[in-house]
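Q: Curious how this folds, go ahead:
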Amino acid sequence: MEAGSPLTPLGAALAVLSAILILTLPRRVALLPILAGVVFLPIGQSLQVAGLDFYLFRLVLLAALIRITLRGEAAAVGWCRLDTLVLVWAIVCLVFGSLSHPGLSAFITLSGVLYNGLASYIVTRALVRDRGEFVTQLRFLALMIVPLTALMGLEKATGRNLFSVLGGVNEITLVRDGEVRAQGPFQHPILAGTFGATLLPLVLGLARMRSPRLRWRGIVGSVCALGITVAAASSGALLAAMTSVVALCVWPMRRSLRLVRVGLLLLLLVLQAGMSRPLWWIFDTIGSITGGTGWHRSYIIDAAIRHWREWILVGTPVTAHWGGYPPPPNDPNNIDITNQFIVEAVSGGALRLILFVTIIWTCFKSLGVAFRGRRRIHPQTEWLAWATGVALLAHCIAFFSIAYFDQLVFFWFWLLSVVAAGAMERGWLVRDRVPHRARRARTPSADAGRDPAPSTGAEPLEAP
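A: Numbers count the residues shown, from 1 in each chain. Presented below is the predicted three-dimensional model:
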């Protein structure tokens, strides 16, 4: 991350207000001011002390860490497999990253990146305990993105970013090939578009809720999330959004996920058979149709594979000789690696990349429990689990277009911690009581010798 811009009075006031609310609100809603802060406060603002940048985003997370420490809220959360994977991934990042990128400056940067991720994960794990709280956060986000969409739409129409009054982002909007690319409070239009694309399936998860208010918020939030993606004019984000829509349409086949996976594998094999180049050059083909930097996305994958000996052990600090586009001015030793998977590899070697993929695989596997066999699961709970999995898939598609930084890091680790709390620890995403009529229809003999399934005790899936 580049050096932050000086803190503005308005930005400081909003950050202080967020911190006060985080420290004083009840636990079930304490995450809401954090969500509002990461949506509306540009992360580029920082409090500069002795040459160091203390970004507002990190200060807000610090307030949350202080809260959960003083109240003992983190100690009340049980440990699960995903927690172990995230912790081991962080240790590998720190150790191998220090070996591949020696020096105090690199260590400070790496520590800041790990702080952003781990603090986001720990805070969410401590504050999200049940299904209703997750739905409350989705309902809140569906409301928060309404003004965000309006401001980004105005930015796209005028070419001026109104979030510049808060500091941390440029006033004049980026234009590429004659297309205005709105970025709002994010550091780059791709990040803004990715935020909308990955939030789209989650707010669509509200559209099938029993409460009419939740359904309407889901519909309005979905339109706004799609509007954010379009305003950013990012082909990578649009691809993630389209993947989300297709994955949601696969909902009727949720009981045949193995067949879906086999079908996807066959589709990839057919595509490879019809291409004269390796499969990862498909981004170049898509980019020639939709516009954008599809060639670069394909090239850096190809270059990383060709230079695997350089990064496989602990990573590599130099990639400028890989070719492609010239290195950015702020990092002359490296090409612009717009791929999260390759960033994992060059920053920590094969082990860091494997751990990162294992985290994703574990999340999918946990959510997939909801769709195996004939489980007693409420239809709304089942749909929420599916929407969460689709959001995870959207992030995976976006990883081929951008390496995450700024506020988007929080939403990635927020999703991981939600899966950990819901699908692995307490089971509120994958198990629920069967509807009342279905329970009455069951005979006593059918339940003989069977242990009762875990239950959350709440049949309707609605936010408090």
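Q: Sort out which residues of the host helix or strand of W361 are buried, please.
A: Assigning secondary structure by DSSP states H and E places W361 in helix 340-368. The neighbour-count check on helix 340-368 (16 or more other Cβ atoms under 10 Å) flags 340-353, 355-356, 359-360, 362-363, 366-368 as buried. Yep, even glycine has a C-beta here, placed from its N, CA and C like the rest.
Q: How far away from the center of its chain is the helix or strand following it?
A: Scanning forward in sequence from helix 340-368 by DSSP H and E, the next helix or strand is helix 379-398. Centroid displacement of helix 379-398 relative to its chain, using Cα atoms, centre = their mean, to the nearest Å, is 11 Å.
Q: same question, stretch 256-276
A: Worked out by Cα atoms, centre = their mean, stretch 256-276 lies 26 Å from the chain centre.
Q: Residues contacting that stretch, please?
A: V250, M253, P278, L279, W281, I282, T285, G368, F371 (Cβ atoms under 8 Å, 6 or more residues apart in numbering).
Q: do the same with stretch 23-38
A: 14-15, 17-18, 21-22, 56-57, 60-61, 63-64, 66-67, 71, 73, 123-124, 127-129, 132-133, 136-137, 140-141, 144, 407, 410-411, 464.
Q: Buried only: go through the residues you listed for me.
A: 14-15, 18, 21-22, 56-57, 60-61, 63-64, 67, 73, 123-124, 127-129, 132-133, 136-137, 140-141, 144, 407, 410-411.
Q: need the contact list for M253.
A: L259, V260.
Q: Give me the phi and psi angles of it.
A: phi -100, psi 20 (degrees, to the nearest 10).
Q: cool, L82 as well?
A: L82 adopts backbone torsions of phi -70, psi -30, taken as degrees, to the nearest 10.
Q: could you check the distance from it over to A75?
A: 18 Å (Cβ to Cβ, to the nearest Å).
Q: Looking at these two, which one has more neighbours?
A: The neighbour count for L82 versus A75, taken as other Cβ atoms under 10 Å, is higher for L82 (23 against 9).
Q: pLDDT score assigned to the residue sitting nearest the centre point of the chain?
A: Nearest to the mean C-alpha position of the chain, by Cα atoms, centre = their mean, lies W412 at 2.6 Å. W412 carries a pLDDT value of 96.
Q: got it, and the one 10 residues further on?
A: Looking at G422, its pLDDT is 69.
Q: Over to A448?
A: A448 is assigned a predicted lDDT (pLDDT) of 43.
Q: before we move on, back to that, just checking, which of the buried ones among the contacts of stretch 23-38 belong to helices?
A: 14-15, 18, 21-22, 56-57, 60-61, 63-64, 67, 123-124, 127, 132-133, 136-137, 140-141, 144, 410-411 (DSSP state H).
Q: returning to that earlier point: quick one: residues contacting the residue nearest to the centre of the chain.
A: G117, S120, H395, Y404.
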